[in-house]
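Q: coords please:
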Amino acid sequence: MRLPALLLSLFALCPSLFAASQPNFLLVMVDDMGFSDLGCYGSEIDTPNLDKLAAGGVRFTQFYNTAKCHSSRVSLLSGRWCRQAGDTALNRAVILPEVLAPAGYFTAMTGKWHLDKEPTHFGFQRYFGHLSGATNYYTGDKTFRLNGEKFDVPEKGFYTTIANVDRAIEFISEARAAKKPWFQYIAFNAPHAPLQPLEQDFKKYLGRYDVGWDTIRAARVAKQKQIGLLPADTTESPRPEHILEWSKLSDEQRTAEARLMTAYAGLIDRIDQEMGRLIADLEAAGELDNTVILFVSDNGACPFGRGGATPNTEPYDPKTHWGDSTGWAWARNSPFRFYKQNQFEGGISSPAVLHWPAGLKQKPGSIVSSPAHLVDVLPTFAELAGAKLPTTFPDREPTPLAGISLAPIIAGGEIKARPPIHLLFASDRGLRDGEWKLVSFQSQPWELYHIPDDRTELHDVAAQHPDIVERMKKQWHDMAANVLMAKGKEIQPVASAAAPKLNPSWSQYYDNASGKTKTRGKGKKKAAQAATTLPRARKDTQLTVEGNQLILHSTGSDPGLAFEHLAIESPGPYTLEFRLQSQSTGPGELYWTNDAETTLPKGKHLDFDVKHDGEWHDMKLRIDEPQPLHGLRLDPCAGKGEVKLEGLTLKSRGGEVLAKWP
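A: Numbers count the residues shown, from 1 in each chain. Model prediction:
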């Protein structure tokens, strides 16, 4: 009888005797950490405390997430696919604290929630953190809570990563005083943007990244092979067309990009330092050996360029909001392709460290290559704790678990087969079934990869195995409709023809010599055309893209978006339709031109009223222009603040959609 089964039998015979041997659980999720960002996964960043956990535990090489923040949190806590669990409402799930508390556990959480209601509504007896998806590391935001009550962040001496561990240690001490086993979940905001490291953590890495992403990635891949994380014959993915070779960047670009990565490194270093402080507390209390520690990331590195390293600023100034970098995201996801939101390995592969000296029967330092997923955490913890899995729950309709228990691996064995791993976020899709993986980038044609031979997904064999594609495609759709209960565009057939794999939120790099966007290889013409039709933020306006929303942060000096070189062939008049939510000031303005010689904001113009009340409003602007449009400029406000645009669509006089953003 394996260890977890034996524990369950003892629990059934004598619950009071078993209580003394129940393990504690420390579940740690970081935000936007790439696959290779820990020292024990190939990084040059100093992470001695997490490396020590790996040396005394196991590392997973195929531990998957959902490629996105909130959906990974749903799957981690519920043991179900995000849509299956009821998405952020969790109305078709029972989550970890609600499973463990009836088994006698003290349940606590610190950090980022990013789901509906509050953690204290879902079984967490203690909670400190922010309900939002991201926050300022120094000043926090208005969503901070302490045990269900509003928490005002101190004006000085506060740093989110440190505060999360301060409160975790406090909550664990409460559990000790109550003589209860405990479940502590820490959801670090780091290293998610805004990139705001502590000053000493930033300065520690100054100069280390001047060599650039090509050199850093090569060194990481070499280390991954040297430490046995990757097979020696692994072929890493090449630098993609949308990222320039480091030497082709201008001096100014290289300086800014190196400072961005320096800020990332400082954030990750601080995570490790705080983990070390928490581990020391467990050691001092004699609890480390019987604490199951699982450390994972919610998705791959984030590629979305949300403002770079602004000249003459420092990231440790609370007023700065440095963003992410596609070039460094590629390096941080070594050796894989693509990023957060994509269901390729770069988007879904988590660094995952499991440590439990009292119960782990694998050889310390072992590497586990069995596929696993965040949905496996709940059934694993429940089995180790001797907790029952409820099939009913007040005011909810729990669906069956999607995950499986990893207890056989912990007990020194292996899992030879598991149900398919279903992958879906927005229009990115995937299915991992045994040795095969089916994947689609933004609902483009399905691609097929044989993972044992091609972990880095370089050789699409869909054309050679149409039978496997058809079987897995049917499997994906059946699960999406009947298990996830997904609807609408998410389950529509994929496109029949491929297009360049681009995203308007990725960083755009410019050739040092020409000053133009660099695209290479197959699809060059289409890629360039796609890039020129993307909205360009006006001076002192920061543009980010979240799903189908364009989010503008304006300083008030020159707000708006420019849509240049539209190449609209249909004659007008036109309508520009969108939904708008504004927390800014001033009237809206629309400019347009119908020739290449006239530059915006010259040309024709109209004013429109905007309600800046924070509510969503439907907008329809008529453009009385009979000639084909060449350029547009949309200013949805005239002052400082944030404006969100959704469903921005240009239509012909007959209602045909001519362009849509994003």
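Q: Now do the SS call for R270.
A: Here R270 takes the helix state, with states given by DSSP: H, G, I helix; E, B strand; the rest coil.
Q: correct me, but it touches T160?
A: No: using CB atoms under 8 Å, R270 is not in contact with T160; the gap is 9.9 Å. C-beta: built from backbone N, CA, C; applies to glycine.
Q: Now for these two: what residues contact both?
A: Shared contacts of R270 and T160, defined by CB atoms under 8 Å, 6 or more residues apart in numbering, are found at A190.
Q: Distance of the residue lying closest to E397 once chain neighbours are set aside relative to G359?
A: Nearest non-adjacent residue to E397, counting by CB to CB, 6 or more residues apart in numbering: R92, 5.4 Å away. To G359, R92 is 31 Å away according to CB to CB, to the nearest Å.
Q: R145 too?
A: Note on R145: its distance to G359, by CB to CB, is 33 Å.
Q: Which pLDDT value belongs to the residue nearest to E397?
A: Looking at R92, its pLDDT is 97.
Q: Count the neighbours of it for me.
A: When neighbours are defined as other CB atoms under 10 Å, R92 has 18 of them.
Q: do the same with E274
A: 24.
Q: Quick check: chain neighbours aside, which residue is closest to it?
A: Nearest residue to E274, sequence neighbours excluded (CB to CB, 6+ apart): V165, at 4.3 Å.
Q: show me what contacts the one you found?
A: Applying CB under 8 Å, 6+ apart to V165 gives the contacts T110, I186, E274, M275, R277, L278.
Q: same question, A301
A: Applying CB under 8 Å, 6+ apart, we find A301 in contact with 32-35, 37, 324, 328-330, 332-333, 339-340, 346.
Q: I'd like to know how far the residue nearest to E274 sits from E397.
A: 36 Å.
Q: any idea how far K150 lies from I186?
A: 21 Å.
Q: what does L658 give?
A: The gap separating L658 from I186 is 48 Å, by CB to CB.
Q: same question, G572
A: 56 Å.
Q: neighbour-wise, which of those two wins?
A: Between G572 and I186, I186 has the larger neighbour count (other CB under 10 Å), namely 25 against 18.
Q: the helices in the stretch 1-150 of the chain, which residues?
A: 3-13, 15-19, 48-56, 69-78, 96-100 (DSSP state H, counting those that start in this stretch).
Q: how far is stretch 95-104 from where the chain is centred?
A: 27 Å (CA atoms, centre = their mean, to the nearest Å).
Q: In that stretch, which residues are buried?
A: By neighbour count on 16 or more other CB atoms under 10 Å, the buried set for stretch 95-104 is I95, L96, P97, E98, V99, L100, A101, A103, G104.
Q: Could you do stretch 255-269 as well?
A: Under the neighbour-count criterion of 16+ other CB under 10 Å, stretch 255-269 has 256-269 buried.
Q: so can I have CSV of those showing pLDDT?
A: Listed next are the buried residues of stretch 255-269 as CSV, based on pLDDT from 0 to 100:
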residue, pLDDT
A256, 93
E257, 95
A258, 97
R259, 96
L260, 96
M261, 98
T262, 98
A263, 97
Y264, 97
A265, 98
G266, 98
L267, 98
I268, 98
D269, 98
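Q: In helices only, show me those.
A: 256-269 (DSSP state H).
Q: okay if I get the residues you listed as a markdown table plus distance to I551?
A: Output for these, formatted as a markdown table (distance: CB to CB, whole Å):
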| residue | distance to I551 |
| --- | --- |
| A256 | 22 |
| E257 | 23 |
| A258 | 27 |
| R259 | 24 |
| L260 | 20 |
| M261 | 24 |
| T262 | 26 |
| A263 | 22 |
| Y264 | 22 |
| A265 | 27 |
| G266 | 26 |
| L267 | 22 |
| I268 | 26 |
| D269 | 30 |
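Q: out of those residues, who's nearest S247?
A: E257 (12.3 Å; CB to CB).
Q: For that closest one, give its distance to L38.
A: Using CB to CB, E257 is found at 22 Å from L38.
Q: ok, now E118?
A: Distance from E118 to L38, by CB to CB: 31 Å.
Q: So if I had to pick from these two, which one is more boxed in?
A: A direct count of neighbours by other CB under 10 Å for E118 and L38 places L38 higher, at 25 against 18.
Q: if I look at the more buried one, how far off is L50?
A: Applying CB to CB to L38 and L50 gives a distance of 5 Å.
Q: what is in contact with these two at once?
A: Joint contacts of L38 and L50 (CB under 8 Å, 6+ apart) are D272, V353.
Q: After the lowest-mean-pLDDT helix or strand in the chain, heading C-terminal, what element do we hit next?
A: Every helix and strand in the chain was compared by mean pLDDT, DSSP states H and E; the lowest is helix 524-532, with a mean of 33. Proceeding N to C from helix 524-532, the next assigned helix or strand is strand 536-537, under DSSP states H and E.
Q: List the pairing partners of the lengthiest strand in the chain within its sheet, with orientation.
A: Longest strand in the chain, counting residues (DSSP state E): strand 640-651. For strand 640-651, the paired strands and their directions (DSSP bridges) are strand 549-555 (antiparallel), strand 574-583 (antiparallel), strand 657-661 (antiparallel).
Q: Could you export the ones you listed as CSV, including mean pLDDT?
A: As requested, the strands paired with strand 640-651 are exported to CSV (pLDDT from 0 to 100):
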stretch, mean pLDDT
strand 549-555, 84
strand 574-583, 92
strand 657-661, 83
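Q: Switch those strands over to TSV; also include distance to R176.
A: Formatted as TSV, the strands paired with strand 640-651 follow (distance: least, CB to CB, whole Å):
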stretch	distance to R176
strand 549-555	44
strand 574-583	45
strand 657-661	54
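Q: export those to TSV and tack on mean neighbour count?
A: Listed next are these as TSV, based on neighbours: other CB atoms under 10 Å:
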stretch	mean neighbour count
strand 549-555	20
strand 574-583	19
strand 657-661	15
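Q: Quick check: which of these is nearest to I409?
A: Closest among those, using CB to CB: strand 549-555, at 40.4 Å.
Q: Can you pull out the residues in contact with the closest one?
A: 535, 537, 540-545, 559-561, 584, 636-637, 639-646, 648, 661-662.
Q: No more questions from me, cheers.
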